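Enquirer: take this sequence and fold it.
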Amino acid sequence: MVVDQPTFSVLGALDVRVSGRPLRIAGTKPRILLASLLLDANHVVGADLLVEVLWPRRRPRSAHANLRTYVSSLRGVLDAAGARIQARPPGYVIELAPGQLDVLLFADLIAQARAAGRTEEAYDRLSRALALWRGIPLADLPGSPLWDGRLQSLAELRLGAAEELITLRMARGRYADAIGELRGLLKEHPFREDLWQQLMLALHRSGRQAEALHAYATVRRQLVTELGIEPGTDLRRAHAAVLAGELPPAAPLPD
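Expert: The predicted structure is shown next:
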């Protein structure tokens with residue numbers, strides 16, 4: 001019997017599936033170990049780094065032996081499902097195709113979208129990429145400072161993709177969708193002036209000038225009160241354009 005290759009998801013709680021069914025990975029430390037390998041899939045992760053992730057405060061004398069035990073237990077589960085963790089100096093690597101891991105597929109879809117330009121293909125790829133996010137990456141695990149850089153890069157890539165998709169929505173005149181998505185992003189990033197600028201633009205183009213002006217008043221108050229700064233040049237220009245009713249038309253999509 002042919003067994004489907006397992007699929008791994010880290011853009012949310014850690015999830016492993018075979019033929020669509022969950023594959024149980026028991027124990028917190030084996031799950032942390034697997035997550036660490038998945039965040040750098042197809043690259044060797046050093047054994048010393050893995051030890052630091054697994055025991056961030058007090059490392060046992062047998063840490064490296066324990067690491068080998070956890071690797072062995074993961075292999076026992078994953079090998080039968082068709083995925084392998086390989087030992088490669090100075091550590092270990094899990095090799096996966098983009099379709100097996102949501103992080104790899106996410107990056108691949110965004111690269112395809114950016115290569116496609118402002119087209120229907122780009123719209124489709126960005127939509128598919130963002131749909132892979134199920135919540136905060138690895139939200140079910142304690143986490144590690146050693147993951148922070150990778151997770152921050154993923155968050156920035158997601159934000160950039162979301163802004164690109166919103167721009168494409170607005171070019172199609174789908175202002176209501178864009179406004180809803182922008183408000184959601186601003187809950188996560190309340191001081192991002194580029195998001196506020198896009199929100200003002202979407203509101204104004206949908207005939208909601210008063211709301212666009214209210215959005216500017218809101219962000220200005222937040223910036224002044226909480227950060228002690230005035231809005232930047234681009235945001236002030238957008239505000240002036242809304243007041244004057246002089247916003248440029250949306251850039252047309254290619255035929």
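Enquirer: and residue 13, what is it in contact with?
Expert: By CB atoms under 8 Å, 6 or more residues apart in numbering, the residues touching residue 13 are 134-135, 138-140. No exception for glycine: its C-beta is placed from N, CA and C like everyone else's.
Enquirer: turn those into JSON lines, including distance to residue 235 and secondary structure.
Expert: Formatted as JSON lines, the contacts of residue 13 follow (distance: CB to CB, whole Å; DSSP: H, G, I helix; E, B strand; the rest coil):
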{"residue": "134", "distance to residue 235": "32", "secondary structure": "coil"}
{"residue": "135", "distance to residue 235": "30", "secondary structure": "coil"}
{"residue": "138", "distance to residue 235": "34", "secondary structure": "coil"}
{"residue": "139", "distance to residue 235": "32", "secondary structure": "coil"}
{"residue": "140", "distance to residue 235": "38", "secondary structure": "coil"}
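Enquirer: wait, which of the residues you listed is closest to residue 150?
Expert: residue 138 (10.3 Å; CB to CB).
Enquirer: mind pulling up the pLDDT for the closest one?
Expert: Predicted confidence (pLDDT) for residue 138: 97.
Enquirer: can you name the residues that contact it?
Expert: Counting by CB under 8 Å, 6+ apart, residue 138 touches 10, 13-14, 35, 147, 151.
Enquirer: what about it, distance to residue 236?
Expert: 39 Å (CB to CB, to the nearest Å).
Enquirer: same question, residue 78
Expert: 54 Å.
Enquirer: the more surrounded of those two?
Expert: Shown here are residue 78 and residue 236; by other CB atoms under 10 Å, residue 78 has more neighbours (20 against 15).
Enquirer: what ranges does the chain have for its strands?
Expert: Using DSSP state E, the strands found in the chain span residues 7-9, 15-18, 21-22, 45-46, 85-88, 91-94.
Enquirer: give me the neighbour count for the spatially closest residue to residue 158 that is not a sequence neighbour.
Expert: What sits nearest to residue 158 in space, not counting adjacent residues and going by CB to CB, 6 or more residues apart in numbering, is residue 133, at 6.3 Å. Using other CB under 10 Å, the number of residues around residue 133 comes to 18.
Enquirer: cool, the one 4 residues further on as well?
Expert: Other residues near residue 137 number 24, with proximity taken as other CB under 10 Å.
Enquirer: next up, phi/psi of it, please.
Expert: The phi and psi values for residue 137, taken as degrees, to the nearest 10, are phi -60, psi 130.
Enquirer: let me see the contact set for it.
Expert: With CB under 8 Å, 6+ apart, residue 137 has these contacts: 10-12, 151, 154.
Enquirer: so where do the helices sit in the protein?
Expert: Shown for the chain, the helices assigned by DSSP state H span residues 28-39, 47-54, 63-81, 102-116, 120-131, 148-171, 175-188, 193-205, 209-222, 233-244.
Enquirer: run the angle between the second one and helix 63-81 for me.
Expert: Using axes from the mean of the first three to the mean of the last three CA atoms, to 10 degrees, the inter-axis angle of helix 47-54 relative to helix 63-81 is 90 degrees.
Enquirer: got the contact list for helix 47-54?
Expert: With CB under 8 Å, 6+ apart as the test, helix 47-54 has contacts from 29, 32-33, 36, 59, 63-64, 66-67, 70, 90-92, 144, 146-147.
Enquirer: which among the residues you listed end up buried?
Expert: The neighbour-count test (16 or more other CB atoms under 10 Å) marks 29, 32-33, 36, 63, 66-67, 70, 91-92, 144, 147 as buried among the contacts of helix 47-54.
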